[in-house]
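# Sharing a model prediction with you, sequence too.
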Amino acid sequence: MAIQLQQVSYTYADRSMWKQTALHGINLEIAEGSLTGIAGATGSGKSTLLQLFNGILKPTEGTVQVLDVTITAGEKSPRLLPLRRRVGLVFQFPEQQMFEDTVEKDLCFGPLNFGVSLEEAKARARKSMTDMGLDLALLERNPFRLSGGQMRKAAIASVLAMDPDIVVLDEPTATLDPVSRAELIALLERLCREQGRTIIIVTHRMDELLPYADNWVLLKDGELAFQGSGGELAADPAILERCGLRVPQSLRYWQAAAERFGLSGEKPLLTAEGLAGRLAALLEERRTLNASGTEEMGNGHE
Amino acid sequence: MNERLLLGRSIDTGSWVHKLDARSKITGMLLYVAIILLSTSWRSIGLVAVFSIVVMATTRIPLKYFIKAVKPLRYLMLFIFIVQALSVKEGEVLWSLGSFSLHAGGLRMGAFSVIRMLFLLTFTALLTFTTTPAKLNQGLEGVLAPLKKLRLSPDRITLMISIALRFIPTILDEAQIILKAQASRGADLKELPLKEKARMLVSLLVPVIASAFRRAQDLIYSMEARGFRMDAPRSRYHRLRWGAADTLFVAMFVVLGVAVVLL
């Protein structure tokens, strides 16, 4: 297990008049090398949960185990620097955290803090820039002179440059354009499938992650409402509604198609291409079945 | 959220002080500052202490919040104590080393100054504890209203103050997030040696200042987009109402002031 939470609760401003419990009794397991999506209505505790994964927040109750580090509530935690090298956390609006005078220096900040040599750090900076689809010429620029989308990508690159085993991202695709969004998700999937990294993504756009995620974690009012595969969600989308989420379009399309063509036993196809291909194949099947060609065709979409 | 920072944060317990008009509270606080400055004897400070403690107790706000309000200034108070203790050369000599000598009078003066400072801070914290920033501001506008006769705009001043107060917690929260983000990138303030800490502050200050400017810009645009004009007559969400309790509140301070001067 890459991450294991046992009966974890987190309360902000504990022991004061403004205390506010964000998470209650969470039990959660995230397998190594998996791609996990986390969803939940606003204020359901998603961001708080992420910050437990690299020891930025320590649980007020329960035990958080990440790789070989265990943080137990009320006990003195071990040194967290080695953990943070292995768990890269990309906060919301990461572009607002850049501070160096060149993009390159900002990308090297993480690796250098973790004791990597300057050359190695620069090599990693270049590699993560390429991974994020950014022009290497931008390395010499001041981060404040990049466009919003470029800044966002450079900031994500600055976490990837740390070469973490687990990458945790809080709404990384918000404010990105559709093309960059698809590219980022594709990159994260590659990191997961090809390099065996564990990827955890908080998202409000379940559609873009549904085709790729192995696992989903749904939160509701600080409690774990669901943990399981996208297939389980496709089989029973009402789970989503119970968590105060809208059923994503891809799931609704799949449901409609499955109902009409009797596909409910199959693995759900959650991309436009996949579903269109399947429907085209179905129509083709029917055409060959009715070789006479007089049978009327059903419309392929709802 | 930073629980140690209490500036501009009200604690609603619904006591009689909470219900007072912000103008009377501000007037009361100004009088209190004057009274503290005028109390130069132990007897008068004793009277002020009894008065302050009684008023603070009736707000039903737990004592620990008043203590927290003073805590950030504890080193300043220590400094005042030391300076007073070393510079006042009255009374018997308690201890001396070369040209330095510590007099009983110095210690007394030091303790006296610290106690005055202590009450000044805790009691004025009462103002922000019992008044929401919006009401405080409106009260301030009311108190500053006579400035209009001098062709100064109290609206302008209170707008600046309210924006500044409004953004303190926002900017602090933001600083906290940036601090966390940098900690995730291996620069945890808590785990770094002192020399590195200074360097880390740069990584905190640059993004915080950049975002403060961005915020200011956005705020201006959105206010203008909604037709905000300085000094335009506008209606208020809360109406200021001066009642008998307010007169009584201010009268209490006047009586205390007279008593302190006479003692």
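That came through fine.
# which residues touch stretch B:226-240?
By C-beta atoms under 8 Å, 6 or more residues apart in numbering or on different chains, the residues outside stretch B:226-240 that reach it are B:Asp21, B:Ala22, B:Arg23, B:Ala134, B:Lys135, B:Gln138, B:Gly139, B:Gly142, B:Ser153, B:Asp155, B:Arg156, B:Leu159. No exception for glycine: its C-beta is placed from N, CA and C like everyone else's.
# Compute the mean per-residue pLDDT across the strand or helix carrying the third one, please.
Meaning B:Arg23. B:Arg23 belongs to helix B:22-38 when assigned by DSSP states H and E. Helix B:22-38 shows an average pLDDT of 91 in the prediction.
# where does the helix or strand just after that helix sit relative to the chain's centre, distance-wise?
Note on helix B:22-38: by DSSP H and E, the next helix or strand toward the C-terminus is helix B:42-58. Remark: helix B:42-58 is offset 19 Å from the chain centroid, using C-alpha atoms, centre = their mean, to the nearest Å.
# what does stretch B:128-144 give?
Per C-alpha atoms, centre = their mean, the displacement of stretch B:128-144 from the mean C-alpha position of its chain is 13 Å.
# same thing with stretch B:94-112?
31 Å.
# which outside residues touch it?
B:42, B:45, B:80-93.
# In strands, which of the residues you listed appear?
Within those, residues falling in strands by DSSP state E are B:Val93.
# Look at A:Val64 and say how many residues are nearby.
By other C-beta atoms under 10 Å in any protein chain shown, the residues close to A:Val64 number 25.
# pLDDT below threshold where in the chain?
Picked chain A for this. Applying pLDDT under 70 to chain A picks out residues A:17, A:292-302.
# Let me rephrase: I mean chain B.
The model of chain B has pLDDT under 70 over residues B:1-8, B:191.
# how about the strands of chain B, start to end?
With DSSP E as the criterion, chain B has strands at B:93-97, B:100-103.
# Quick check: which of those strands is buried the most?
Comparing these by mean neighbour count (mean count of other C-beta atoms under 10 Å in any protein chain shown), strand B:100-103 comes out on top with a mean of 15.
# so how far is A:Ala155 from the closest residue to chain B within the stretch 201-302 of chain A?
Across the stretch 201-302 of chain A, the shortest distance to chain B (C-beta to the nearest C-beta) belongs to A:Val202, at 14.7 Å. Distance of A:Val202 to A:Ala155, given as C-beta to C-beta, to the nearest Å: 16 Å.
# give me every residue that touches A:Arg205.
A:Arg205 is in contact with A:Thr173, A:Arg181, A:Pro248, counting by C-beta under 8 Å, 6+ apart.
# Could you rerun that using 10 Å?
A:Gly37, A:Ala39, A:Glu171, A:Thr173, A:Ala174, A:Arg181, A:Ile185, A:Pro248 (C-beta atoms under 10 Å, 6 or more residues apart in numbering or on different chains).
# Give me the phi and psi for it.
Here is the backbone geometry of A:Arg205 (degrees, to the nearest 10): phi -110, psi 80.
# what residues go with each domain of chain B?
B:16-132+B:240-262, B:154-225 (automatic domain parsing).
# picking up where we left off before, and the contacts of stretch B:226-240, which of them are in helices?
Of the contacts of stretch B:226-240, the ones assigned to helices by DSSP state H are B:Ala22, B:Arg23, B:Ala134, B:Lys135, B:Gln138, B:Gly139, B:Gly142, B:Asp155, B:Arg156, B:Leu159.
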